[in-house]
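*Asks:* Next comes the sequence, and after it the predicted model I'd like to discuss.
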Amino acid sequence: MFPGGNKHKNDNQKLNYIMKYALLVHQSQEHFDRRDDAAAVAAGRAYGEALQAAGVFVGGAGLDSPKNATTVSVRDGKRQVHDGPYAETKEFLAGFGIIDVPNLDAALEWAARHPAAGFASIEVRPLLGSRFIVGSAKSS
Amino acid sequence: MSEYRTRAAIEAVARDSYGRLIAYLAARSGDVAGAEDALGDAFAAALKRWPGDGVPQKPEAWLLHVAHNRMIDTARHDQVRQKSKKFLQQIAEEAETVAGADEHFPDERLKLLFVCAHPAIDPAARTPLMLQTVLGIDAARIASAFLMSPAAMSQRLVRAKTKIRDAGIPFRVPEPSEWEERMSFVLDAIYAAYTTGWESLIETGSTHRALAAEAIALGRMLVQSMPGESEAHGLLGLMLHCEARRGARYTSDGEFVPLDQQDTALWSQSLIDEAEMHLRSAAAFKQMGRYQLEAAIQSVHASRAKTGRIDWKEIALLYEGLVRIAPAIGPLVGRAVAIAQAGEPAAGFAALEQIPSDPTADYQPYWAARGHLLRILNRNDEAVEAFNRAASLTDDPALREYLFKRATASI
C-alpha cells in the first residue's frame, strides 16, 4: 500500500531546530542612568560570560543614549535626517543580544536571566529566517 | 467500494483520530497550520483514492504517510535557500519511519494542548486554539460559543498558529513549575469540549458523543501524566459524574428527565466509582479549585443512588465556595436553586434576583431556575412566564418540551 519501505525504526525521532533570537532590552531613563554602576557592570559582564560559556552567544551590545541618536529616512529620493530616536518613549531600547538556541522556551529562559530583567523589559524576537534544522534527535 | 462507505470510513477516521494526527504532524514540524493543510490534502486524496483502491487496513497510517509527504514537499519548497541535503535526507527518513510505524503512532495531543496554552500565545486565543486543533471543532462553532464573528475568530486562530511556528514554540509537556500558568487553559478547553459534546447530544448523536468521549480520554491522559495536579483530577471526576448519567437523561421516548428525577438504576456505577476515586485523589492535595467543587456537587447528586435523598444544604455550601472562586453565572444560578431546595425558597429567590441582569437575558438555566423558584413561592403567573422564556432559549427539543410542560402543567 505504501510506496516506501516498511523499515521499523524508532518513530520517536523528530527534527531538531536551531533559531536565533534577539533579546531587546527596553528600560527607563532612570535605570539607564545607573548602567555604569559597578554592580550593574559586573552583572552585565557575568551574563555575557554565561552566554559565551553555554555556546549560545552570537553578538550584542549596549546602546548609547537615545539623545545621541540620529534618524535617517529617504523619501522620494530625498534624504531626511533628524536629531533624536525614531520615537520618543519613556522606555527605550538600551541594548540587545542575539542568541542561538533551539526554541522560544530556551530563549525566554535566557531573557529571564538577563540582569536587567528585574526592572527592564526584555523583548524576545526571532531573527527573520533564522530557523535551521541541525539534525534529528530523539524527542523527550 | 461505494462512495457512501468511503465517506463513512473517512468520517470515522476524522472523528476518532483528527486530533492525534494533527498533534503528531505538528509536533514533528513545529507548524500547526502546515499540519492542518497537509492533513486536509491527505483527506482529499483519500476521497479520491479509497473508492477505487478500497479503504486501507490502517487508514490513519495511510493518511499520515500522505500528509507527511505533503509537508516534505512544502518544506523542500520553503527551504530552497538552505539547500541542505542532510535536511532532505532526514525528512525523507522521517516519512519512512511514519509509514513503517503503522501499528500505532505516539499520541502527542498533550504536547499540542500545552503549546496552545503557552504564555507567548494571546490568552484569548488559547482555548479556541485547543478546541480547533486538538478536538477538531470547526471555527464557526467555536466563534459562536465565544460570542464572536467567525471572521474575527479565524483571524485570531491564524495569528496564533503563525506565532507558534515563527516564534519557535517547542512541543513538549512543560515542567511542573510551568503548569500553573498553562493548566487552567487546558482544563477549560477540555471541559468546553465535553459540554459541547454533552449539550448537543440529542441532535446528531455520534459526532458529539465522540467529542465527549475524546474530552474524557484527554482528561485521563492529563491525570496520567500529571498525577499531582488536583484540578486535573477534579475535572476528570466532574466529567465522569456527568457521563455516568448519560443513559438516564432522556427516556426511551426521548423525553427530558431532570437530574433529581432520573432513575438511578440507569446511572453507570463504574463511572461514578471512577469519578469518586479522582475526587479523593484531588482532595489529598488540599488545594481547592473550581473543578473539584463542581465535581463535589455532582458527587452529592450521585449519592442519591445510595441514600435516596439529595443533601441540598451540602450542595448550597459547595456552591458558596464555588461562587467565591468563580462567580460566573452558572454557579450563581446553581447556588440560588440549592438555597431554595435546602428549605429557604425566599432566600434562594433573593439570591437569584441579585444576579446581574445582563448575562441572564439569554441564559436558559436562569429562566428555568426562576420558573422553578417562583412556582415554589406560589407565584404561578410569573412562573409560567419564566418557563416559557426558558423554553424559547434552548436548542434541545426535548428540554424545550419539558419546559413548556412545566409552564402549563403546574408541576
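*Replies:* Sure thing, it's come through. Numbers count the residues shown, from 1 in each chain, chains lettered A, B, ... in the order given.
*Asks:* the strands in chain A, which residues?
*Replies:* A:13-28, A:57-62, A:70-75, A:78-83, A:91-101, A:121-126, A:132-138 (DSSP state E).
*Asks:* worst-scoring helix or strand of the chain, pLDDT-wise?
*Replies:* Just going to use chain A. Between all helices and strands in chain A, the lowest mean by mean pLDDT, DSSP states H and E belongs to strand A:132-138, at a mean of 53.
*Asks:* Please refer instead to chain B.
*Replies:* Going by mean pLDDT, DSSP H and E, chain B bottoms out at helix B:201-204, a mean of 44.
*Asks:* coming back round to it: export the strands of chain A to TSV and tack on mean neighbour count and distance to B:Ala305?
*Replies:* (Each C-beta comes from the backbone N, C-alpha and C, glycine too.) Formatted as TSV, the strands of chain A follow (neighbours: other Cβ atoms under 10 Å in any protein chain shown; distance: least, Cβ to Cβ, whole Å):
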stretch	mean neighbour count	distance to B:Ala305
strand A:13-28	20	48
strand A:57-62	14	65
strand A:70-75	10	75
strand A:78-83	9	79
strand A:91-101	19	55
strand A:121-126	16	54
strand A:132-138	14	49
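*Asks:* can you list the ones you listed in JSON lines and add distance to chain B?
*Replies:* Below are those laid out as JSON lines (distance: least, Cβ to the nearest Cβ, whole Å):
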{"stretch": "strand A:13-28", "distance to chain B": "5"}
{"stretch": "strand A:57-62", "distance to chain B": "15"}
{"stretch": "strand A:70-75", "distance to chain B": "27"}
{"stretch": "strand A:78-83", "distance to chain B": "32"}
{"stretch": "strand A:91-101", "distance to chain B": "9"}
{"stretch": "strand A:121-126", "distance to chain B": "6"}
{"stretch": "strand A:132-138", "distance to chain B": "5"}
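*Asks:* I'd like to know which of those strands is closest to B:Phe114.
*Replies:* Among the strands of chain A, the nearest to B:Phe114 by Cβ to Cβ is strand A:13-28 (16.0 Å).
*Asks:* pLDDT averaged over the closest one, what's the number?
*Replies:* When pLDDT is averaged over strand A:13-28, the result is 82.
*Asks:* Is whichever strand or helix holds B:Val13 positioned near chain A?
*Replies:* Using DSSP states H and E, B:Val13 maps to helix B:3-29. Yes - for helix B:3-29, a contact with chain A is found by Cβ under 8 Å from any Cβ of the partner chain, at B:Ala27, B:Arg28, B:Ser29.
*Asks:* Excluding chain neighbours, what is closest to the last one?
*Replies:* Going back to what we said before, that points to B:Ser29. B:Met71 (5.8 Å; Cβ to Cβ, 6 or more residues apart in numbering or on different chains).
*Asks:* Wait, the one you found touches B:Ala33, no?
*Replies:* No - taking Cβ atoms under 8 Å as the definition, B:Met71 is not a contact partner of B:Ala33, at 11.2 Å.
*Asks:* Quick one: the helices in the stretch 151-300 of chain B, in order.
*Replies:* Taking DSSP state H, counting those that start in this stretch as the test, the helices found in the stretch 151-300 of chain B are B:176-199, B:201-204, B:206-225, B:230-244, B:269-283, B:290-302.
*Asks:* any idea which of the ones you listed is most buried?
*Replies:* Highest mean neighbour count among the helices of the stretch 151-300 of chain B (mean count of other Cβ atoms under 10 Å in any protein chain shown): helix B:230-244, with a mean of 27.
*Asks:* closest one to chain A among the helices of the stretch 151-300 of chain B?
*Replies:* helix B:176-199 (8.5 Å; Cβ to the nearest Cβ).
*Asks:* So what's the gap between the closest one and the chain middle?
*Replies:* 8 Å (Cα atoms, centre = their mean, to the nearest Å).
*Asks:* Could you list every helix and strand in contact with it?
*Replies:* helix B:109-116, helix B:123-133, helix B:139-145, helix B:206-225, helix B:230-244 (3 or more Cβ pairs under 8 Å, 6 or more residues apart in numbering or on different chains; DSSP states H and E).
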